[in-house]
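Novice: Output the structure for:
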Amino acid sequence: MRQSFGARTPTSPNWWGSAEPHAGGCQYTAVTDLRWTYPYQEEARTGLNHLGVPLLRPTVAVRAGVDTHVYAALVDSGADNVLAPEWLARAAGVIPDAARELQVRIGGSARTIRFQELELELLPPDALRQGDWEGGGVRWEATVGFFMNWADPPWLVILGQCGFFDKFTVTLSRFAQSVAIERQECFDTRFGIDYPS
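Specialist: Numbers count the residues shown, from 1 in each chain. Next comes the predicted model:
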């Protein structure tokens with residue numbers, strides 16, 4: 001079933017309002033000014049591209065639910081949803097909902113995904129370099145699609161349009177080989193987007 005979204009206004013649920021978790025926005029824990037830049041990472045399993053250079057991908061650091069591990073998540077503007085393998089759902093403390101199942105084509109094959117709400121936490125760039133992170137980040141709730149039949153995807157978390165790009169301002173630069181993440185309203189401010197009341 002396709003979800004329809006109307007125009008966003010300052011009073012709509014997706015508009016950046018309060019910083020309350022699970023209310024369409026994000027909860028900032030120990031983050032006063034979100035303006036994080038992450039270097040692209042080499043995709044380990046693919047080797048070199050047709051030009052003989054490594055394949056670089058935009059990635060950020062995230063944690064999922066009660067799981068304390070730091071994951072390098074692929075920032076994928078072509079993905080509709082946030083996606084992860086089923087074992088990560090268990091590690092994060094949630095059970096994918098069998099009543100919310102969908103077939104998608106990804107990685108060259110049809111895959112079954114089951115959805116469940118999950119609190120995710122965006123961590124600062126240092127978390128990727130250190131491998132673990134004791135500090136806070138930015139938490140938000142997303143509906144995540146969990147692969148039921150793909151045990152070893154190339155990326156453990158894929159951050160897509162619904163559940164990530166609609167929560168933050170995301171700027172990708174192949175030239176700089178970096179991805180920048182800012183507060184959701186930064187795009188509107190930068191480009192003078194004004195929504196009718």
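Novice: hey, let's count contacts and neighbours off CA atoms from now on
Specialist: Will do.
Novice: beta partners of the residue nearest the centre of the chain?
Specialist: Central residue of the chain (Cα atoms, centre = their mean): Leu159, 3.0 Å from the mean position. Beta-bridge pairing for Leu159 (DSSP bridges): Val75.
Novice: And the longest strand seen in the chain, how far out from the chain middle?
Specialist: When the chain is parsed with DSSP state E, its longest strand is strand 109-123. Its chain's C-alpha centre and that of strand 109-123 lie 9 Å apart, by Cα atoms, centre = their mean, to the nearest Å.
Novice: I'd like to know which elements whichever helix or strand comes after that strand is packed against.
Specialist: On the C-terminal side of strand 109-123, the closest following helix or strand by DSSP states H and E is helix 126-130. For helix 126-130, the packing partners by 3 or more Cα pairs under 8 Å, 6 or more residues apart in numbering; DSSP states H and E come out as strand 59-64.
Novice: can you state the direction angle for the strand it packs on and strand 109-123?
Specialist: Put simply, strand 59-64 runs at 90 degrees to strand 109-123, going by axes from the mean of the first three to the mean of the last three Cα atoms, to 10 degrees.
Novice: quick one: strands adjacent to strand 59-64?
Specialist: Note on strand 59-64: by DSSP bridges, its sheet partners are strand 71-75 (antiparallel), strand 109-123 (antiparallel).
Novice: so which of the ones you listed comes closest to Phe187?
Specialist: Taking Cα to Cα, strand 71-75 is the member of the strands paired with strand 59-64 nearest to Phe187, at 17.2 Å.
Novice: List the contacts of that closest one.
Specialist: Strand 71-75 has contacts (Cα atoms under 8 Å, 6 or more residues apart in numbering) with 57-63, 128, 155-160.
Novice: mind saving the C-alpha coords of it as CSV?
Specialist: Taking C-alpha atoms only, strand 71-75 is exported to CSV below (Å, rounded to 0.1, in the frame of the first residue of the first chain):
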residue,chain,number,x,y,z
TYR,A,71,27.3,0.3,12.9
ALA,A,72,28.5,2.0,9.7
ALA,A,73,25.2,2.7,8.0
LEU,A,74,24.9,3.3,4.2
VAL,A,75,23.2,6.6,3.4
